[in-house]
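# attaching a predicted model along with its sequence, questions to come.
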Amino acid sequence: MTTNKPLLKVDAVGIQFGGLKAVSNVNVELYPGELIGLIGPNGAGKTTFFNLLTGVYVPTEGSISLEGQNLRKLPPYKINQKGISRTFQNIRLFGDLSVIDNVKVAYHSLAKHSMISSILRFPTHFKGEQEMDERALEFLKIFNLDHYQHELAKNLPYGQQRRLEIARALAANPKLLLLDEPAAGMNPQETHELMNLIAFIREKFNLTVLLIEHDMSLVMGVCERIYVLDHGQLIAEGKPEEIRNNPKVIEAYLGEEVVS
Ligand SMILES: Nc1ncnc2c1ncn2[C@@H]1O[C@H](COP(=O)(O)OP(=O)(O)OP(=O)(O)O)[C@@H](O)[C@H]1O
């Protein structure tokens with residue numbers, strides 16, 4: 001279900017590294033509840049764009065707003081609190097923490113109990129801890145990871161680590177979830193299950209999802225609209241069938257498989 005006010009509005013955004021314009025004059029509008037793909041050849045600027053949205057980089061041009069609030073110069077943790085969570089192309093879990101602690105880390109700042117009650121171990125602390133455990137376990141159940149809650153994150157198989165990263169991102173209670181190649185390294189069965197899961201959590205948590213993915217047939221199958229970046233610039237935006245037949249997109253992907 002979409003409304004006519006964008007959740008995220010990206011207006012003529014760009015960033016330059018030395019002489020390289022990694023992202024240039026990019027305009028994007030995401031509406032509440034949409035599941036949108038961001039594709040482009042290697043080095044097109046996709047991850048840099050995520051870094052701009054999450055405050056890792058400050059744009060050298062243009063503006064980014066979430067629900068009408070300018071995000072400019074906000075540090076990543078503030079942007080996270082305002083409702084943008086992400087996963088990374090290279091998994092970034094706390095490998096030596098348990099699976100459940102990886103999830104709890106994400107929403108610790110949202111927890112109701114205070115630092116003092118935590119230190120002094122007041123009953124409110126235990127209530128807080130218990131609530132946190134219960135909530136984290138709910139997330140793990142959704143991702144079929146509850147049986148591994150006490151396992152160290154680094155001991156999980158690769159596909160499950162990817163799912164845990166999404167669970168952690170979700171635990172921060174985002175409005176917008178950014179997924180950077182969530183299916184990378186997964187086998188076709190795992191990928192298929194993951195895509196169903198993404199569609200499911202979008203509904204369950206009223207999320208807007210922006211997804212970078214290299215597997216084109218997968219993006220075309222699951223996303224309602226797609227943005228295409230090439231050499232830092234948007235070269236196309238539209239429904240999957242429009243993107244599939246767009247000459248600029250076909251040219252950008254020349255030599256790569258666009259759709260199966
Ligand atoms: N911190 C940085 N300093 C200098 N150049 C950078 C920096 N970050 C990204 N770049 C450059 O910006 C360009 C876009 O990189 P980016 O990683 O965003 O592409 P991508 O579309 O995510 O690629 P891939 O699909 O291979 O992950 C590349 O040329 C990259 O080398």
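In hand now; what should we look at?
# okay, which residue is most central for this protein?
Relative to the mean C-alpha position of the chain, the nearest C-alpha, by CA atoms, centre = their mean, is the one of Leu178, at 1.8 Å.
# identify the residues contacting Lys154.
Counting by CB atoms under 8 Å, 6 or more residues apart in numbering, Lys154 touches 93, 95-96. Just so you know, the C-beta spots here come from the backbone N, C-alpha and C atoms, and that holds for glycine as well.
# among those residues, which one has the most neighbours?
In terms of neighbour count, Leu93 stands highest of these at 20 neighbours, by other CB atoms under 10 Å.
# which residue, other than its chain neighbours, is closest to that one?
Taking CB to CB, 6 or more residues apart in numbering, and ignoring the residues beside it in sequence, Leu93 has Ala153 as its nearest neighbour in space, at 4.4 Å.
# pretty sure that neighbour sits against Arg162.
No - because the distance of 11.4 Å does not satisfy CB atoms under 8 Å, Ala153 is recorded as not touching Arg162.
# what about the residue nearest to the centre of the chain, distance to the ligand?
For Leu178, the distance to the ligand (CB to the nearest ligand atom, to the nearest Å) stands at 12 Å.
# confidence score at that residue?
On pLDDT, Leu178 comes in at 97.
# beta partners of Ile36?
Applying DSSP bridges to Ile36 yields these beta-bridge partners: Leu210, Arg225.
# identify the residue nearest Ala171 in space, chain neighbours excluded?
The nearest residue in space to Ala171 (CB to CB, 6+ apart) is Ala106, at 4.0 Å.
# before we move on, what about Ile243?
Nearest residue to Ile243, sequence neighbours excluded (CB to CB, 6+ apart): Ile226, at 4.7 Å.
# burial measure for Glu224, as a count.
The number of residues packed near Glu224 is 13, by other CB under 10 Å.
# ok, now which ones touch it?
Contacts were defined as CB under 8 Å, 6+ apart; by that measure Glu224 touches 34-36, 239.
# distance across stretch 20-39, terminal residue to terminal residue?
In terms of CA to CA, to the nearest Å, the two terminal residues of stretch 20-39 are separated by 20 Å.
# quick check: buried residues in stretch 45-63?
Across stretch 45-63, burial judged by 16 or more other CB atoms under 10 Å covers 45-55, 57, 59, 62.
# meant to ask about stretch 70-87
In stretch 70-87, the ones that count as buried by 16+ other CB under 10 Å are 71, 74, 79-80, 82-87.
# narrow the buried residues of stretch 45-63 to those in helices?
With helices defined by DSSP state H, the entries of the buried residues of stretch 45-63 inside them are 46-53.
# would you reformat these as a markdown table and include pLDDT and distance to the ligand?
Shown next, in a markdown table, are those (pLDDT from 0 to 100; distance: CB to the nearest ligand atom, whole Å):
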| residue | pLDDT | distance to the ligand |
| --- | --- | --- |
| Lys46 | 96 | 4 |
| Thr47 | 96 | 3 |
| Thr48 | 97 | 3 |
| Phe49 | 97 | 7 |
| Phe50 | 97 | 8 |
| Asn51 | 96 | 7 |
| Leu52 | 97 | 10 |
| Leu53 | 97 | 12 |
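# what residues does this protein put near the ligand?
Contact residues, the chain versus the ligand (CB under 6 Å from any ligand atom): 17, 20, 22, 40, 42-48, 89.
# need the pLDDT of Val259.
The predicted structure scores Val259 at 51 on the pLDDT scale.
# wait, I meant Leu97
Looking at Leu97, its pLDDT stands at 92.
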